[in-house]
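J.: output the structure for:
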Amino acid sequence: MLKVVFGFAVMATIASTLYAMKAEALAWHVWHQFTHHDHHGLDLSDYEVAIEGKPLANYKNASGLAFNHETGTLFTVLNDKGLIVEFSLDGEPIREIQLHGTDDLEGISHLEKDYYVVADERESKLWLLQIKPETRDISIKDARLLGFGMNERGNKNFEGVTYDSVHHRLIVVKERDPKYVMSVTGLYEPDESKQSQIQVQHMRQFDSALKWALRDLSSVTYHEKSGHFFLLSDESKLLKQFNEEGQTLGSLALWKGFHGLHNSVPQAEGVSIDDEGNIYIVSEPNLFYVFKPKSHASHS
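T.: Numbers count the residues shown, from 1 in each chain. The predicted structure is shown next:
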């Protein structure tokens with residue numbers, strides 16, 4: 001009997017140690033490095049950190065990240081202040097936009113022109129906002145369209161949002177319990193005379209990979225040139241690339257010693273990709289990272 005109890009104790013200790021080491025995430029990452037890469041996507045194994053852990057001024061709780069293809073700048077949200085911050089591609093603040101009426105922002109995405117969508121995690125809602133170049137102050141009451149609530153109030157709901165400009169849909173990720181990816185169509189229509197019905201679809205093709213490969217979902221971004229989705233996991237410390245069918249096409253490890261990192265990324269909460277394929281990540285409370293293909297990367 002004592003041997004059985006001791007055996008269970010040893011097994012539990014090993015399992016606990018492997019979990020703490022994120023062994024399954026490491027195994028998946030190594031596996032992806034030796035499997036076939038989709039030539040239409042980004043070769044994440046070739047990426048190296050170019051800016052590592054740069055503080056975003058004195059901001060705290062940066063969560064979510066969006067690249068504006070028209071201005072060539074980045075936008076993040078501060079999830080305890082209702083604040084949207086625009087900054088340059090090297091992490092320098094440009095302007096602040098105070099958003100009144102919500103204080104649990106967890107994601108932001110640029111659609112086109114002056115239109116953005118922000119995700120409110122506590123209320124499980126998406127808000128469509130118009131943020132003009134001169135905007136410095138806006139109320140949630142000014143949202144052209146109100147999003148929707150489909151989960152219970154809490155802190156494990158909408159964690160990231162991105163815009164698929166090819167299929168004209170939003171891609172939203174729920175953090176955990178359960179974690180999943182869904183698409184939302186019909187929310188964005190700048191012409192008010194053409195209001196369309198909102199349709200929500202659970203993208204089940206990702207369920208199998210998410211069940212085993214990522215412990216949680218912190219953010220998502222869509223790469224138009226490849227048509228691929230990039231899912232970020234804070235707990236697994238991985239950025240994984242998927243095609244439309246839910247097939248994994250490589251990963252970027254956010255641990256010390258990988259991709260030139262001197263230290264692990266502590267709490268990755270937002271990701272976006274620019275027109276050149278450079279990857280931007282924000283980590284709470286206010287750290288900024290840039291990853292580039294090795295041929296273009298220069299350490300900062």
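J.: quick check: phi and psi on residue 44?
T.: Main-chain dihedrals, residue 44, degrees, to the nearest 10: phi -60, psi -20.
J.: give me the number of residues near it?
T.: Residues lying near residue 44 (other CB atoms under 10 Å) number 24. From N, CA and C alone the C-beta is placed, and that goes for glycine too.
J.: for it, give its distance to residue 292.
T.: Computed as CB to CB, to the nearest Å, the residue 44 to residue 292 distance reads 11 Å.
J.: how many other residues sit next to the nearest residue to residue 237 once chain neighbours are set aside?
T.: In this structure, residue 237 finds its nearest non-sequential neighbour in residue 254, 4.2 Å apart by CB to CB, 6 or more residues apart in numbering. Look at residue 254: counted by other CB under 10 Å, it has 27 neighbours.
J.: residue 58 now?
T.: When counting by other CB under 10 Å, one arrives at 8 neighbours for residue 58.
J.: you'd agree it is in a helix?
T.: No: Residue 58 is assigned coil when assessed by DSSP: H, G, I helix; E, B strand; the rest coil, not a helix.
J.: got any ranges where the protein has weak pLDDT?
T.: Within the chain, the ranges that satisfy pLDDT under 70 run 1-40, 121-122, 144-157, 189-196, 296-300.
J.: ranges for the helices of it?
T.: Listed in chain order, the helices of the chain (DSSP state H) span 2-20, 23-33, 207-213.
J.: so what's residue 112 bridging to?
T.: Here residue 112 sits in beta bridges with residue 115, going by DSSP bridges.
J.: surely it meets residue 128?
T.: No: here residue 112 does not reach residue 128: they are 11.8 Å apart, not a contact under CB atoms under 8 Å.
J.: ok, the two, which is more surrounded?
T.: In this view residue 112 and residue 128 are compared by other CB under 10 Å, and residue 128 has more residues nearby, 19 against 13.
J.: and the gap between the more buried one and residue 77?
T.: Residue 128 is 14 Å from residue 77, by CB to CB.
J.: cool, residue 219 as well?
T.: Taking CB to CB as the measure, residue 219 falls 11 Å from residue 77.
J.: pretty sure residue 179 contacts residue 210?
T.: Yes: between residue 179 and residue 210 there is a contact under CB under 8 Å: 5.5 Å.
J.: list residues touching both of these two?
T.: Residues within reach of residue 179 and of residue 210 at once, by CB atoms under 8 Å, 6 or more residues apart in numbering, are residue 217.
J.: all strands of the stretch 51-200 of the chain, in order?
T.: 62-68, 73-78, 83-87, 93-100, 105-112, 115-120, 125-130, 137-139, 145-146, 158-164, 169-174, 180-185, 199-202 (DSSP state E, counting those that start in this stretch).
J.: these: which one's closest to residue 265?
T.: The closest of the strands of the stretch 51-200 of the chain to residue 265 is strand 62-68. By CB to CB, the value is 12.6 Å.
J.: can you check what angle separates that closest one from strand 105-112?
T.: Strand 62-68 and strand 105-112 meet at an angle of 0 degrees, taking axes from the mean of the first three to the mean of the last three CA atoms, to 10 degrees as the criterion.
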